[in-house]
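Colleague: A structural model of the following input is requested.
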Amino acid sequence: MIDLIILWIYKILLAILPFFGTAVLAYMAHAFWLHYVRADFISGIDWVLLEIVPPRDVVRSPKAMELFITNALYHMSNKSGLETYWQGAVWFWFSLEIASIDGQVHFYIRTPTRVKSLIETQMYAQFPQAQVKVVEDYTLAVDEITLDSKWNLWGCEFKLAKPDAFPIKTYIDFGLDKDPKEEYKVDPITPVVELFGSIGKGEQMWMQIVVRPSKKEYPEHAGPFTKTHDWVKESELQIRKSLAEFTRLHDRPDGTKAKEIRAPDFMSEMVKGAGRKFMKVGFDTGIRVCYVAKRELFNMSNRRNIRLIFRQYAAPFLNQLERINSTQADAFSTNKIAEFFPLSSKKIARLANRMLLEYQEREFFHPPMRHKISLPWPLSPLIFPNFFHHHINVLNTEELATLWHFPGQILKVPTLERIESKEASPPTNLPM
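Modeller: Below is the predicted model of the structure:
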C-alpha cells in the first residue's frame, strides 16, 4: 500500500513538474525582459543638473518650497500595458541635493531635460529673485575610489526608524509656518548648511534626496492570498493598530455595538502627526550622504559629523532618520556574527566606490538586477560582494520641504552663494 502511494506521488510530481518548471521560467523571463526594457528606456533619458542660487533675503517659509515640490516634481501618470511592458516606460524621478565643494555650499536639482522648463518656472513662481542655471555634474570630478586613488570617500544612506505612516519633525513643528521674525526663527536646515560650509579646500560634502511620486506597495494578508495597498491605506492601518489596545466595544440597547476609543494624552501627537502626514502628497524617497576628500586631507571628524546631520529632525515617539549602509569596516554589523568579521581595506574601498557610482547615477528606484536577489549573510557577500540593498521610505511634501529648502536671513554663512539683487528684463513699453 505504501509503495502504491509513493508511486502515485511520483507520477503526480512527474505530471506537474513541466508546468511548474514552465511557470518558473516564464516568471524569470518576464523579470529579465522587464529589467532590460526599463534599462533601455532609462538610458534614453537626458538629464541636466540645475543649480539654484537663492536670493539674498529669503523671507518666505518652507511652505513655498513645499508648493514647489508639489507642482514641479509630482509627475504621476498611468502607463498603458504597451508602454510598461514593451517600451519599459517609468515615472521620472528627481534628486534634490546640497553639496559643499571646498566649503562653498550649493543647492542643486537633477532632472530630466523634458521637465527643465517646468522646474524653472515653478522655482521662479515661489522665489522670483532666485537664479536657476545649468551646471556640470560636480560628482564627476571625483574618479574611482581605490586604495591607490587620490580620493577617499565615506558614505551612508538613511531610512525611517518606524513605519512610513509616522512623520519626522517638520518645519511646522519649528514654528516656521507662522513666518516669525528672523531673530526668532529656528530653522532646522541651518546646522546642515553650517556644517557643509565649515570644511576646507580639498574636501567635499554631498547630500541627495531622490524622489518620485509614491508607488510603494505594502503587503496585506487576506487568508491564503496576499494583496497590496498604498501608503495612505497603510497609514490608516498603522493608526488603527496603535489605537487597538485602547479601543473597546459596548452593547447598545438596540443590540448593536458602539466603539469607544480612550487613548492616553501622550498618544494624541502621534495620531495627529500620522493623520497630518497622509493628508499631503507622498513621494518615494531615498536619502544618501557622502564625505569626499583628497586622501591626505580626509578628516575622520567630518566623517562622524556628516552622519549626524539629520538629528534635529528626530521625534523619537513619532519617527526619525537612522543611518544604514555605511561604507566602513562594520558595514554588515547588523548581523551579530558579522560583527566579528570586519571588512578589509580593499573591500571598504570597493563599497565606497559603489557608493560613489550610485550617487552619480542617483540610483534608488531602478537598481541592477542583483538587487532582486536577497540572500542572508554570509552568502550575499560571497555571491554579490560588497554592495547594499537600498531602502525606500515615503515622505510627504512637508517633510521634503523641511529637509531641502533655502535658509532664511538669520543664516550668515559667507560660503553660501546668494543672489545680491533681482535680475529683471527691461520694460516692454520703452520707446524705440
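Colleague: give me the distance between the nearest residue to His390 once chain neighbours are set aside and Ser95.
Modeller: Sequence neighbours aside, Phe364 is the residue nearest to His390 in space, at 5.2 Å (criterion: CB to CB, 6 or more residues apart in numbering). Every residue, glycine included, has its C-beta placed from N, CA and C. Spatial separation of Phe364 from Ser95 under the definition CB to CB, to the nearest Å is 9 Å.
Colleague: anything in contact with each of these two?
Modeller: Shared contacts of Phe364 and Ser95, defined by CB atoms under 8 Å, 6 or more residues apart in numbering, are found at Val210.
Colleague: the residue lying closest to Asp46 once chain neighbours are set aside: neighbour count?
Modeller: Counting by CB to CB, 6+ apart, Thr113 is the residue found nearest to Asp46 once chain neighbours are left out, at 4.4 Å. Neighbour count of Thr113, defined by other CB atoms under 10 Å: 11.
Colleague: contacts only, for Leu67.
Modeller: Remark: with contacts taken as CB under 8 Å, 6+ apart, Leu67 is in contact with Gln126.
Colleague: SS state for it?
Modeller: When the structure is split into helix, strand and coil by DSSP: H, G, I helix; E, B strand; the rest coil, Leu67 lands in helix.
Colleague: the protein: helices as residue ranges?
Modeller: The residue ranges that make up the helices of the chain, judged by DSSP state H, are 2-43, 63-73, 81-82, 116-126, 190-197, 231-243, 268-277, 300-306, 345-361, 379-383, 397-403.
Colleague: same list (those) but as JSON lines, adding mean pLDDT.
Modeller: Conversion of these to JSON lines gives the following (pLDDT from 0 to 100):
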{"stretch": "helix 2-43", "mean pLDDT": "79"}
{"stretch": "helix 63-73", "mean pLDDT": "95"}
{"stretch": "helix 81-82", "mean pLDDT": "79"}
{"stretch": "helix 116-126", "mean pLDDT": "94"}
{"stretch": "helix 190-197", "mean pLDDT": "92"}
{"stretch": "helix 231-243", "mean pLDDT": "86"}
{"stretch": "helix 268-277", "mean pLDDT": "85"}
{"stretch": "helix 300-306", "mean pLDDT": "91"}
{"stretch": "helix 345-361", "mean pLDDT": "91"}
{"stretch": "helix 379-383", "mean pLDDT": "67"}
{"stretch": "helix 397-403", "mean pLDDT": "96"}
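Colleague: most tightly packed of the ones you listed?
Modeller: With neighbours taken as mean count of other CB atoms under 10 Å, the helices of the chain reach their highest mean count in helix 397-403, at a mean of 26.
Colleague: quick check: mean pLDDT across stretch 88-97?
Modeller: Averaged over stretch 88-97, pLDDT sits at 92.
Colleague: first to last residue in that stretch, what's the distance?
Modeller: Looking at stretch 88-97, the gap from its leading to its trailing residue is 27 Å under the measure CA to CA, to the nearest Å.
Colleague: buried residues in it, which are they?
Modeller: For stretch 88-97, burial by neighbour count (16 or more other CB atoms under 10 Å) applies to 88-90, 93-97.
Colleague: just stretch 277-288 next, same as before
Modeller: Under 16+ other CB under 10 Å, the buried positions of stretch 277-288 are 277-278, 280-288.
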